[in-house]
Every structure is written in structure tokens, then in C-alpha cells.
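[1] I would like to see how this sequence folds:
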Amino acid sequence: MKLLKQTVLLSFLIIFGFSGYAKNERSGNSGLDSLLKALDHAIERRQTYTDRREAVLSGLKQQLKSPNLSKEEIYTLNSKIYQEYKPYQSDSAIKYVNYNLEIASLLKDPSRIAASKLQLSALYSIAGMSMDAASLLRSLHSDQLTTDLKIGYYQAYKDLYSNLAAYHNVNTDLYRKYNAAYRDSLLQILPASSRNYKGVYAEKLSSSGEYKAAEKLLLELLAGVKTKNHEYAIWSSALGIVYRNEGDTLLQQKYFALSAISDLQNAIKENTSLQALAISLYETGDLDRSYQYIKCSMEDAIFCNAPLRTIVISKIFPIIDVAHQTKEKQQRTQLLILLGLISVLSAGLIAAVAYVIKQMKKLQKSRLELQGVNHLLKKLNQDLQSINQQLTKTNTQLSEANRIKEEYIGNFLDLCSNYINKLEDYRKGLHKKATTGNIDALLKMLKSTDLMTTELKALYKNFDDTFLHLYPDFVTEFNNLLLAEERFDLKPGELNTELRMYALLRLGIHDSAKIAAFLRCSMSTIYNYRTKVRNKAIVPREDFEDYVKEIGTMSTF
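    Here you go, the predicted model:
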């Protein structure tokens, strides 16, 4: 028997030990876990967010079809469409900027021409067309640009060299040097109080290793964003990069996740946060989510037609994919091992059972020696049975007491109601006799309904007292189910007709005929009362009476 217990215990330790370990591994940080669940939900709803952006684009394109639009109006609409397409689908954004470049050329508007070239160069840079982007920028002269255009000019050059440094393996230090130079030029013309200045300055601080200062500035910028728009995603991503450089994995993943959620909800396909988060999760061993996120990031990059990001992801994707497949293979191997162990343990159990049976046969030979012990065990068993019978009897009594308590109220109400009905019948019988005998005084007395009115008041008073004794908080909890302006204002220890009707429902009396008889009103009145009260509820109307049935708990008599 001891061997059997040990074998069973070992089986449970192995089977449930694996699941307990897996549970502990998954518990992690609850805050980040809930954030990742929100990100998973956003990924599931990608099509919904995409449809929303497509609807905006469709509306803008429909406006382009309006007759008699001036070139300036077409330019403005094209600019809005470009803004929608820029973080969403770069080739479409390029197409509409080219339209605007043609319009600006026809209008011979240097400002619009420069603006269109700057927009086009930014798109070319994202699309990996660095030579074309540089060519467009070289066609512009910064000294001929307005301040706003000059800001865009320096920003475009800064982003161009940032992309070249990030996505090319040659001249990286030179590209970073140019990037820093244009960043400094940008800081010189940006207003120091502007959000753009603070963002560029935070980038400079981060690149020079001043992570705490960059973190403080980015947190201020993030706090100033009221809605989770693309700007929110940019600052969150920048914070993620700062924390990555500091080696803070938890905060890095948190802000990359916040950025990714914001971009997904705004249908931003040109983003790097999801990719960065996938890499970080890969490094911390969360291969399932890492694979899901890098796959989603690849799909977005292809959709956006962002070749540079597609190339980078295509280098990372196979690594994560192989690791994910390896993990799945290991899990399958572990499952097979576990099944093998269970099979072995099952065989051990069978052997143990066979051993126990054999031992039991041996024990039968020594039964005479154990009669005294068996007699004692039998007596103990009898005592236990007696105690169990007493407990069963006590439980039965308690159940009966509860049943009597519930039925007492119903019987009490039926008796009171029947008593009033009998009094009424008796009054009518005496009235008939008195009328036949012309006994005027008796007739006058019997015509009076004072007795019935008094008895009804006493009945309702007794009912109110008894019910509110059992459910002292009934009126308060009932009012909590109603709109504030529709709540009942009653004297303490008193119910009105509507509350008595629902008090009967709470006691388990659902028959409208019985309720109508007790309250001395018609079935239609009961229906109207119930409908009227349900219409005042703050909970769903169809569930109102179920909520009433849950009010309070009966106190003992």
C-alpha cells in the first residue's frame, strides 16, 4: 500500500509540476502582461482600424471629384490625402505628392514646389530611394526657403542620413555625423519652447548618452499628448529606445507596446515599435509573441511598401521563426516525454496494484491475529457512523428549518388574505339576512367596510414589519436599482403597494393572481405596476426582477 501511495504521488508531482512551472513562467509582470494583451487585441482588430482609415481616404478622394475645383483646392485636398497615406502606404503618398508637384509647377508657386519636394524626399527616404531623396534636396536652396520650409528641409536631411546610418553598413559614422549636423541646424531655427524642438533635443541627448535627461524630456512630451495619436506613438517609441539603451527591459517593452498599440489603432503601417518589441521579447524568451509581432510587422511593412524596413525585418524574421519552431519542437518533445513518463507510471501503478493484491492475500492468513484490532476499528467505525448520522440529522433539521422559514411567510400571507376574504363573505351573508329581516341597525353596521379596511391595514402592517425584519435593507437596495429621480421615499418600517408587490416576488411568490389577490387589485394593475417600475430601472429591464430576487439575505428567527 505504501508503494502504491508513493507511485500515485510521484505521478501527480510530475504531471502537475510541469503545469505549475509553466504557470509561474507565464505570470511575469502583470502590468506589462495586460499591456501585451491589449496589443494582441489591437492586432486582432487591425482590419477594423484599416477600414476606418480607408473610409477617410475614400471621403477625401470623393471631394476631389467635385466639379469646378481650383488648382489650389485640388492641391489642398491632395495634401490631406498625402498626410493620410504617408504613414499608411508610401507609394500612394508619393503619387499624390507628385500630383501636387505638377500643380505647384503649373501655378509657378515656389513655396508649394519646395513643400512638395520636401514631402517627396521624405517619402523617398522611407522607401529606400536615398539617391532620389538627396537629389530633390540638392535642388533646393535653404537660403531661399521660408522658416517653416527650412525646418522641413533640415528635418528631411536629418531623417535621410538617419536612415542611411541605420540601414547601410558603409560610411555609417559619416552618415551619423551628417545627421548630427543637420539636427543641430534644426535646433538653431526651431523655437526652444516648441514640442518639435524638445523632441529633437531629446534625440540629441539620447545619442550622446544622456539618457536620464532625454527620458525626462520625453516623459514631459508624452504627458502633453491628450489623445493616443501618431505623436503619442513617436514619443513612446523614443522612450522605448532610451530605455533600451539604458538596459531597462521592462520599461523598454512597455513603451514599445504603448507605441505599437497607438500605431495599430490609428492604422499607422510605417512604424518600428512592433518590430523593436518583437526583438526585445525574443531576447527575453517570449518566442510566441515575438513571432506573432515580427510577422505582423513584416505584413505592415509590405503593405506600406517600405523596402528598408522590409529588408531589416527579413533579416530578423528567420531568426525568430527558427527559434519559434525550435520551441514548438521542444514542447512537442517534452509532451512525448511526459506521455512516456505517464505510460511508465501507469505500468508501475498496475504492478503496484498487483503487488497490493498479493499482499492482501498474505494478510488474510494473519486475520486471526488482527481480530482485536479489527474489533476496535469496527467500534470506531460505528462511532463515526453515529456521528455522521447525528450530523446528517442536524443538517436535515437545518434544511427543514430553512424550508419552514420560507414557507412560513407564504402561509402567513395566504392566511391573512383568506381571513379577510372570509370576513367579507361573512359580512355579505349577514347583510343578506339582515335585509330579509329588515333589521336596519344591523344592516347599517354590516354595510360598513371599516372592519375590512382595518384588517387590511393590520395585514399590510404585519407584512411590512415581518418582511423588513427579514430584509431590513430591502428599500435601500431596491432604490439602488432605480434611477435617482425615481427612487421611493418612504417612512421607516413601511412599504407602498409597488414595493409590497416586489416584496412578494422576493419571497418567491411569482403568481400574479396571488399577488393581485393579496394586494386587493386587478391583474392588469399588477402588470402596469411591474412595467412602470421596470421602466425606472438602471439595470437591464429584462433582468430587473432577477436583481430584486437577489436582494438581502434572510436573518434567522
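[2] name the SS class of the closest residue to Glu477 other than its chain neighbours, please.
    Spatial nearest neighbour of Glu477, chain neighbours left out: Ile551 (4.6 Å); criterion: Cβ to Cβ, 6 or more residues apart in numbering. C-beta here means a position set from N, CA and C on the backbone, and glycine is covered the same way. Assigned with DSSP: H, G, I helix; E, B strand; the rest coil, Ile551 falls in the coil class.
[3] run a quick neighbour tally on Ile551.
    When neighbours are counted by other Cβ atoms under 10 Å, Ile551 registers 18.
[4] return the backbone torsion pair for it.
    Dihedral pair for Ile551: phi -70, psi 130, per degrees, to the nearest 10.
[5] tell me the contacts of it?
    Ile551 makes contacts with Tyr471, Asp473, Phe474, Glu477, Phe478, Arg506, as judged by Cβ atoms under 8 Å, 6 or more residues apart in numbering.
[6] wait, which of those residues is closest to Leu145?
    Comparing the contacts of Ile551 against Leu145 with Cβ to Cβ places Glu477 closest, at 70.9 Å.
[7] and that closest one, how many neighbours?
    15.
[8] from now on call the first residue 533
    From this message on, residue numbering opens at 533, which makes the last subject Glu1009.
[9] wait, it touches Arg1038, no?
    No. Contact criterion Cβ atoms under 8 Å: Glu1009 and Arg1038 do not qualify, at 10.1 Å.
[10] please enumerate the shared neighbours of those two.
    Common neighbours of Glu1009 and Arg1038 (Cβ under 8 Å, 6+ apart) are Ile1083, Gly1084.
[11] who wins on neighbours among the contacts of Ile1083?
    Counting neighbours by other Cβ under 10 Å, Phe1010 leads the contacts of Ile1083 with 23 neighbours.
[12] need the next SSE after the helix or strand in which that residue is found, C-terminal direction.
    Assigned by DSSP states H and E, Phe1010 belongs to helix 1006-1012. Once the chain leaves helix 1006-1012, the next helix or strand it forms, by DSSP H and E, is helix 1029-1038.
[13] show me what whichever helix or strand comes after that following helix is packed against.
    Counting by DSSP H and E, the next helix or strand C-terminal to helix 1029-1038 is helix 1044-1051. Taking 3 or more Cβ pairs under 8 Å, 6 or more residues apart in numbering; DSSP states H and E as contact, the helices and strands that helix 1044-1051 lies on are helix 903-969, helix 1029-1038, helix 1055-1066.
[14] list the buried residues of helix 1044-1051.
    Of the residues in helix 1044-1051, Ser1044, Lys1046, Ile1047, Ala1048, Ala1049, Phe1050, Leu1051 count as buried by neighbour count, 16 or more other Cβ atoms under 10 Å.
[15] for that helix, what is the average pLDDT?
    The average pLDDT for helix 1044-1051 rounds to 89.
[16] any idea how far it is from the middle of the chain?
    How far helix 1044-1051 lies from its chain's middle: 45 Å, per Cα atoms, centre = their mean, to the nearest Å.
[17] tell me the angle that helix makes with helix 1029-1038.
    Put simply, helix 1044-1051 runs at 130 degrees to helix 1029-1038, going by axes from the mean of the first three to the mean of the last three Cα atoms, to 10 degrees.
[18] which element follows the lowest-mean-pLDDT helix or strand in the chain toward the C-terminus?
    The weakest-scoring helix or strand in the chain, judged by mean pLDDT, DSSP states H and E, is helix 534-559 (a mean of 39). As assigned by DSSP H and E, the chain's next helix or strand after helix 534-559 is helix 562-576.
[19] let me see the ranges of the helices in the stretch 783-932 of the chain.
    805-815, 819-836, 839-897, 903-969 (DSSP state H, counting those that start in this stretch).
[20] show me what the helix holding Phe1010 packs onto, helices and strands only.
    So helix 1006-1012, by 3+ Cβ pairs under 8 Å, 6+ apart, packs with helix 982-1002, helix 1029-1038.
[21] now with 7 Å, please.
    If contacts are counted by 3 or more Cβ pairs under 7 Å, 6 or more residues apart in numbering; DSSP states H and E, helix 1006-1012 sits against helix 1029-1038.
[22] run a quick neighbour tally on Ser566.
    Ser566 is flanked by 10 other residues according to other Cβ under 10 Å.
[23] what of Glu831?
    14.
[24] report the contact partners of it.
    By Cβ atoms under 7 Å, 6 or more residues apart in numbering, no residues touch Glu831.
[25] distance of it from Leu567?
    Glu831 sits 21 Å away from Leu567, going by Cβ to Cβ, to the nearest Å.
[26] can you check Glu901 too?
    Glu901 is 69 Å from Leu567, by Cβ to Cβ.
[27] out of the two, which sits in the busier spot?
    A count of neighbours by other Cβ under 10 Å puts Leu567 above the other of Glu901 and Leu567, at 19 against 8.
[28] the more buried one against Ala789, yeah?
    Yes. Counting by Cβ atoms under 7 Å, Ala789 is a contact partner of Leu567 at 4.8 Å.
[29] run a quick neighbour tally on the closest residue to Tyr1034 other than its chain neighbours.
    Computed as Cβ to Cβ, 6+ apart, the closest residue to Tyr1034 that is not its neighbour in sequence is Val1080, at 5.2 Å. The number of residues packed near Val1080 is 19, by other Cβ under 10 Å.
[30] I figured Val1080 hits Leu1037, correct?
    Yes. With contact defined as Cβ under 7 Å, Val1080 reaches Leu1037; the gap is 6.0 Å.
[31] and the protein, what are its domains?
    571-721, 940-1081 (automatic domain parsing).
[32] quick one, which of those domains gets closest to Glu752.
    Closest to Glu752 of these is domain 571-721 (Cβ to Cβ; 16.9 Å).
[33] end to end on the closest one, go ahead and measure it.
    38 Å (Cα to Cα, to the nearest Å).
[34] lowest pLDDT pick from the contacts of Ile1083?
    The minimum pLDDT among those falls on Tyr1003, with 87.
[35] quick check: phi and psi at that residue.
    The phi/psi pair for Tyr1003 (degrees, to the nearest 10) reads phi -130, psi 70.
[36] who's in contact with it?
    Tyr1003 neighbours (Cβ under 7 Å, 6+ apart): Arg1038, Ile1083, Gly1084.
[37] can you rerun that using 6 Å?
    Applying Cβ atoms under 6 Å, 6 or more residues apart in numbering to Tyr1003 gives the contacts Gly1084.
[38] quote the end-to-end distance of stretch 773-787.
    Distance across stretch 773-787, first residue to last, is 9 Å (Cα to Cα).
[39] from the rest of the structure, what touches that stretch?
    Defining contact as Cβ under 6 Å, 6+ apart, one finds that stretch 773-787 is touched by Leu564, Ser738, Tyr743, Ala746, Glu747, Ser768, Leu771, Gly772, Ser812.
[40] which ones among those residues lie within strands?
    Of those, none are assigned to strands by DSSP state E.
[41] give me the subset of these lying in helices.
    With helices defined by DSSP state H, the entries of the contacts of stretch 773-787 inside them are Leu564, Ser738, Tyr743, Ala746, Glu747, Ser768, Leu771, Gly772, Ser812.
[42] for Ala574, see how far away Gly591 is.
    Going from Gly591 to Ala574 by Cβ to Cβ gives 24 Å.
[43] of these two, who's got more company?
    A count of neighbours by other Cβ under 10 Å puts Ala574 above the other of Gly591 and Ala574, at 20 against 11.
[44] thought that one was touching Ile793?
    Yes. With contacts counted by Cβ atoms under 6 Å, Ala574 reaches Ile793, the gap being 5.1 Å.
[45] where does the prediction get shaky in the stretch 683-832 of the chain?
    Nowhere does the stretch 683-832 of the chain drop to pLDDT under 70.
[46] 90 instead, please
    Low-confidence segments of the stretch 683-832 of the chain (pLDDT under 90): 694-704, 756-762, 801-804, 817-819, 829-832.
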